[in-house]
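Engineer: How does the following fold in three dimensions:
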Amino acid sequence: MNILFYQILLVVFAALFTVASFGESRQSSRYADHIMTFVMMVLLFATFTWRS
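Structural biologist: Below you'll find the predicted structure:
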């Protein structure tokens, strides 16, 4: 239930997402970015609802 832990987790996921999006600037990266954002949102929502 530590909010700081979730904030650090969010920053790490955001950093990984930006590195992945910058690293793969191709035509097929658009679907990968959409899948990555969807998985990230689902994981964050699941952790928030699971801990509460």
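
Engineer: List the residues that contact the most centrally placed residue in the chain.
Structural biologist: Closest to where the C-alpha atoms of the chain average out (C-alpha atoms, centre = their mean) is M40, at 3.4 Å. Listed by C-beta atoms under 8 Å, 6 or more residues apart in numbering, the contact partners of M40 are 13, 17. All C-beta atoms are positioned from the backbone trio N, CA, C, and that covers glycine.

Engineer: Please, which helix or strand holds it?
Structural biologist: Element membership for M40, per DSSP states H and E: helix 29-51.

Engineer: Measure how far that helix is from the centre of its chain, please.
Structural biologist: 5 Å (C-alpha atoms, centre = their mean, to the nearest Å).

Engineer: What average pLDDT does that helix get?
Structural biologist: Average pLDDT, helix 29-51: 76.

Engineer: Show me what counts as buried in that helix.
Structural biologist: M36 (16 or more other C-beta atoms under 10 Å).

Engineer: May I have that helix as PDB, with CA atoms only?
Structural biologist: Presented in PDB, the C-alpha positions along helix 29-51 are these (Å, rounded to 0.1, in the frame of the first residue of the first chain):
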ATOM      1  CA  SER A  29       6.300  -0.200 -33.900                       C
ATOM      2  CA  ARG A  30       2.900   1.400 -33.900                       C
ATOM      3  CA  TYR A  31       1.100  -1.900 -33.000                       C
ATOM      4  CA  ALA A  32       3.800  -2.700 -30.500                       C
ATOM      5  CA  ASP A  33       3.300   0.800 -28.800                       C
ATOM      6  CA  HIS A  34      -0.500   0.200 -28.600                       C
ATOM      7  CA  ILE A  35       0.000  -3.200 -27.100                       C
ATOM      8  CA  MET A  36       2.600  -1.900 -24.700                       C
ATOM      9  CA  THR A  37       0.400   0.900 -23.500                       C
ATOM     10  CA  PHE A  38      -2.600  -1.400 -23.100                       C
ATOM     11  CA  VAL A  39      -0.500  -3.900 -21.100                       C
ATOM     12  CA  MET A  40       0.900  -1.100 -19.000                       C
ATOM     13  CA  MET A  41      -2.500   0.300 -18.200                       C
ATOM     14  CA  VAL A  42      -4.000  -3.100 -17.400                       C
ATOM     15  CA  LEU A  43      -1.000  -4.000 -15.100                       C
ATOM     16  CA  LEU A  44      -1.200  -0.700 -13.200                       C
ATOM     17  CA  PHE A  45      -5.000  -0.900 -12.900                       C
ATOM     18  CA  ALA A  46      -4.800  -4.500 -11.700                       C
ATOM     19  CA  THR A  47      -2.100  -3.700  -9.100                       C
ATOM     20  CA  PHE A  48      -4.100  -0.700  -7.800                       C
ATOM     21  CA  THR A  49      -7.300  -2.700  -7.500                       C
ATOM     22  CA  TRP A  50      -5.600  -5.700  -6.100                       C
ATOM     23  CA  ARG A  51      -3.800  -3.800  -3.300                       C
END
